[in-house]
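Student: Turn this into a structure:
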Amino acid sequence: MAGRFEFFNSVPRKLNRAQRLQERGKATQAFSLLARLAGSGVPEAAYKVGQCYLAGQGTPPSLEEGARWTYRAAAAGLVEACFTLATLCAMGLPSDFDPTTPAAVERGLYDPAQEGEEEGYAPNFTQARFWAERGAEAGHVESQALLGHIFNHGPEDVRDNEAARHWYGQAVRGGSLQAALGLGLILLDEAVDDAQRAYAMALVQRAADGGVGIANAAMGWLYEHGVGGQKRDAEKAAAYYKQAAELEIPSAQARYGLMLLKGVGVTPNPVQAETWLRRAAYGGDPEAAALLGDLYIRGEDFLHRPMEAARWYELAAEQNHTSAARVLAVLYLTGTGVVRDEAKAAHWFNFAAMRGDKHADADFGNLVLAGVVRPDEERADLHKRLRQQAEGGDLLGAFNLGVCLAQGIGATADERHAFHWFGLAREGVVNAQYWYGRMLFEGRGVTKNQRYGLMWMEKAARQGMPEACASVAQIFVTGQVNGIKDHARALELYHQAAEGGLVEAYFSLGAMYGGGHNVPADLPRARHYFEEAAQRGHGLGQMMLGRYWLKGLGGEQDVEQARYWLTQAAQQGVERAKALLEEMPSSSSAPAVS
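Tutor: Below you'll find the predicted structure:
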């Protein structure tokens, strides 16, 4: 009789009872029972307690406590625990974690102080290899596959291709699909003939057919790029990417979404493309987030949502996606989908530049030139990057370095060396032609030569650079070179500069058409161009538009309109506008204008 009661209180009986409690949803009672068994030294119970901590089942989740109890079970020789502990070590445990310290069963029950334990975690591949080897040598198939993965993808001091092939092979013989994928990719990379490639592809195919998501993604990539002896086949690639996407592989969701977007291998479907890209982005794929940004910023109809685009670009940029960071900077600079913020624009331009985007370097430099305040270290880093690019033969880098030296960005201004770098860049960079000519014309860093300087500025103007067009036009208006004036040519150049968006050119056109130059006066056109300049915030343009409204030049007279524009100009410090305002009668005493 006593023997029967001993059976009912045996360890297997208690472990089975704990399992039934878990199955019936009584996780807390199950954990309590397992904790008592683990505390008394039962390895199977220690492993299950570790699983409870890792899953937060019946106790608040704790990676440390989960690893500590799993270590107890692994040290006792439980192969499942060896595999789990190896996996935890490969994924990352606290850098100062010591699994031999006493495990605290009671600590984990309702202790909220464990929140935030994930900081300072790092992979330990030496320990991962040790525990995977214990499981693998005991014949545990999953441990064998994991050990192959560690030897194949671990850090340099752990990698061993021969050992990876051996353990992957052992796991494949045990039926591991993950190992089939790993071994197949290794053999595919090493294959030298069709037979070897066919065997390698068969292994990857076996894993894909078995429902391994990464294997389906790999098959999609192989067919998309025509690797492994396969011809490129967009339809097969899309089909495999779709299977991997449905198995929640973010990179495959991104690829399948892009194929749907562009109609490669599938019928174009922007709506489905957006859905898959969104799922990939939420799964942590920065490329998908950047593609969503592109879709929302360039899309038509319901997909054109600049605010949504900015959100996705920012998500991608925060994951170190360089081109997304640069686009985000442009959005902040232009106020598209976000509140305009030059400081944030400069931050993201610099962010992209630090990751190798040369155009972002130029954009960042332009903002600094425009007066956007940035830390000295950022300005110095910009100067250093541009010097490296310039000395490496990059013409755009040489031009940008010249601008920094000319303006004293990140280093002391040095016009002589600035002129040198502009000279190196002038044959390939239009802006460098303008700067080179301008410095020659003004005698900055070089002996003054107005004729030769004008020649280079004209060269830049002929290629449509607005600033060059305006500068050359001014020279033709004033006759600074040998007294030669050409107002007709100047007018053409100002029109070209205005078409390029240069605000000052609108004002200059107004002045040209306003009379006093060797072109027919046209006050309505003058008024039009002054208004174009005024609407763009040009102070002198606002003053002239106010004057035209006040005197009825080129159109109707309106004192209140005149007052408004003169006030705008006065607020920008235009003294003539202040004087005109003082001469005007007050609003209450002004006669009505018919």
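
Student: give me the number of residues near residue 92?
Tutor: Neighbours of residue 92 under the rule other Cβ atoms under 10 Å: 16. (Glycine included, C-beta is placed from N, CA and C.)

Student: Make residue 1 into 28 and carry on from there
Tutor: With 28 as the first residue, the last one maps to residue 119.

Student: Just list the residues touching it, thanks.
Tutor: By Cβ atoms under 8 Å, 6 or more residues apart in numbering, the contact set of residue 119 is 148-151.

Student: so how far is residue 480 from the residue lying closest to it once chain neighbours are set aside?
Tutor: Nearest residue to residue 119 in three dimensions, chain neighbours excluded: residue 148, at 4.1 Å (Cβ to Cβ, 6 or more residues apart in numbering). Applying Cβ to Cβ, to the nearest Å, the value for residue 148 to residue 480 is 61 Å.

Student: Likewise for residue 530?
Tutor: Taking Cβ to Cβ as the measure, residue 530 and residue 480 are separated by 24 Å.

Student: before we move on, what about residue 315?
Tutor: Separation of residue 315 from residue 480 (Cβ to Cβ): 50 Å.

Student: Between these two, which has more neighbouring residues?
Tutor: Neighbour count, other Cβ under 10 Å: between residue 315 and residue 480, residue 315 has more, with 28 against 23.

Student: For residue 86, which three-state class applies?
Tutor: Recorded secondary structure, residue 86: coil (DSSP: H, G, I helix; E, B strand; the rest coil).

Student: for residue 126, same thing?
Tutor: coil.

Student: ok, now how distant is it from residue 114?
Tutor: 14 Å.

Student: How about residue 325?
Tutor: 42 Å.

Student: Of these two, which one has the most company?
Tutor: The neighbour comparison of residue 325 against residue 114 (other Cβ under 10 Å) goes to residue 114, with 17 against 10.

Student: you'd agree that one is up against residue 174?
Tutor: No: if you go by Cβ atoms under 8 Å, residue 114 and residue 174 don't touch, sitting 11.1 Å apart.

Student: For the stretch 228-377 of the chain, which segments are assigned as helices?
Tutor: 240-252, 261-273, 277-289, 297-309, 313-325, 333-344, 349-361, 369-381 (DSSP state H, counting those that start in this stretch).

Student: for the first one, the distance to its chain's centre please.
Tutor: Relative to its chain's centre, helix 240-252 lies at 25 Å (Cα atoms, centre = their mean, to the nearest Å).

Student: again with the last one
Tutor: Averaging C-alpha coordinates over helix 369-381 and over its chain gives two centres that are 11 Å apart (Cα atoms, centre = their mean).

Student: Can you pull out the low-pLDDT segments for the stretch 78-227 of the chain?
Tutor: Applying pLDDT under 70 to the stretch 78-227 of the chain picks out residues 129-147.

Student: now do 80
Tutor: By pLDDT under 80, the low-scoring segments of the stretch 78-227 of the chain are 122-123, 127-148.

Student: show me where it has strands.
Tutor: 120-121, 148-149 (DSSP state E, counting those that start in this stretch).

Student: Now list the buried members of the contacts of residue 119.
Tutor: Neighbour-count burial (16 or more other Cβ atoms under 10 Å) applied to the contacts of residue 119 gives 150-151.

Student: what helix or strand does the spatially closest residue to residue 540 that is not a sequence neighbour sit in?
Tutor: Nearest residue to residue 540 in three dimensions, chain neighbours excluded: residue 553, at 3.9 Å (Cβ to Cβ, 6+ apart). Using DSSP states H and E, residue 553 sits within helix 550-562.

Student: could you say what helices and strands the helix or strand that that helix is followed by packs with?
Tutor: Going down the chain from helix 550-562, the next helix or strand is helix 566-578, by DSSP H and E. With contacts defined as 3 or more Cβ pairs under 8 Å, 6 or more residues apart in numbering; DSSP states H and E, the packing partners of helix 566-578 are helix 530-540, helix 550-562, helix 586-598, helix 602-610.

Student: If we use 6 Å, what do you get?
Tutor: Secondary-structure packing of helix 566-578 (3 or more Cβ pairs under 6 Å, 6 or more residues apart in numbering; DSSP states H and E): helix 550-562, helix 586-598.

Student: Columns distance to residue 503, mean neighbour count and mean pLDDT on top of those helices, output as TSV?
Tutor: Shown next, in TSV, are the helices and strands packed on helix 566-578 (distance: least, Cβ to Cβ, whole Å; neighbours: other Cβ atoms under 10 Å; pLDDT from 0 to 100):
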stretch	distance to residue 503	mean neighbour count	mean pLDDT
helix 550-562	18	20	94
helix 586-598	27	19	94
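
Student: Turn those into TSV, including distance to residue 60.
Tutor: Output for those, formatted as TSV (distance: least, Cβ to Cβ, whole Å):
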stretch	distance to residue 60
helix 550-562	78
helix 586-598	79
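
Student: just to revisit the earlier point, out of the helices of the stretch 228-377 of the chain, deepest packed?
Tutor: Neighbour counts (mean count of other Cβ atoms under 10 Å) averaged over each of the helices of the stretch 228-377 of the chain peak at helix 277-289, with a mean of 24.

Student: Would you mind giving me the confidence score for residue 442?
Tutor: In the predicted model, residue 442 carries a pLDDT score of 91.

Student: for the one 4 residues further on, same thing?
Tutor: Model confidence at residue 446, given as pLDDT, is 92.

Student: Now for it: which residues touch it?
Tutor: Shown in contact with residue 446 (Cβ atoms under 6 Å, 6 or more residues apart in numbering): 466, 472-473.

Student: redo that, cut-off 10 Å
Tutor: By Cβ atoms under 10 Å, 6 or more residues apart in numbering, residue 446 lies in contact with 429, 432-433, 462-463, 466-467, 471-473.

Student: what's the closest of these to residue 507?
Tutor: Using Cβ to Cβ, residue 467 is the member of those that lies nearest residue 507, at 13.0 Å.

Student: mind checking how far the closest one is from residue 478?
Tutor: Distance from residue 467 to residue 478, by Cβ to Cβ: 9 Å.

Student: The two: who's more crowded?
Tutor: A side-by-side neighbour count of residue 467 and residue 478, using other Cβ under 10 Å, places residue 467 first with 25 against 10.

Student: you'd agree the more buried one is in a strand?
Tutor: No: read with three-state DSSP, residue 467 is helix and lies in no strand.

Student: contacting residues around it?
Tutor: With contact set as Cβ under 10 Å, 6+ apart, residue 467 has these partners: 446, 449-450, 473-484.

Student: And residue 552, by the same measure?
Tutor: Here residue 552 is in contact with 536-537, 539-541, 581 (Cβ under 10 Å, 6+ apart).

Student: again, but for residue 479
Tutor: Contacts for residue 479 (Cβ under 10 Å, 6+ apart) come out as 463-464, 467-468, 473.

Student: Quick check on those: which are buried?
Tutor: The buried subset of these - by 16+ other Cβ under 10 Å - is 463-464, 467-468, 473.

Student: got a list of what residue 450 touches?
Tutor: Counting by Cβ under 10 Å, 6+ apart, residue 450 makes contact with 425, 429, 459, 462-463, 466-467, 473, 483.

Student: before we move on, what about residue 358?
Tutor: Per Cβ under 10 Å, 6+ apart, neighbours of residue 358: 320, 324, 333-334, 336-337, 340-341, 364-365, 367-368, 371-372, 375.

Student: Repeat that for residue 585.
Tutor: Going by Cβ under 10 Å, 6+ apart, residue 585 touches 575-577, 579, 591-592, 620.

Student: Which member of those is positioned nearest residue 66?
Tutor: Set against residue 66, the nearest of those by Cβ to Cβ is residue 591 (83.5 Å).

Student: Look at residue 619 and report its pLDDT.
Tutor: We note a pLDDT of 41 for residue 619 in this prediction.

Student: Next: residue 458.
Tutor: Among the per-residue scores, residue 458 shows a pLDDT of 91.
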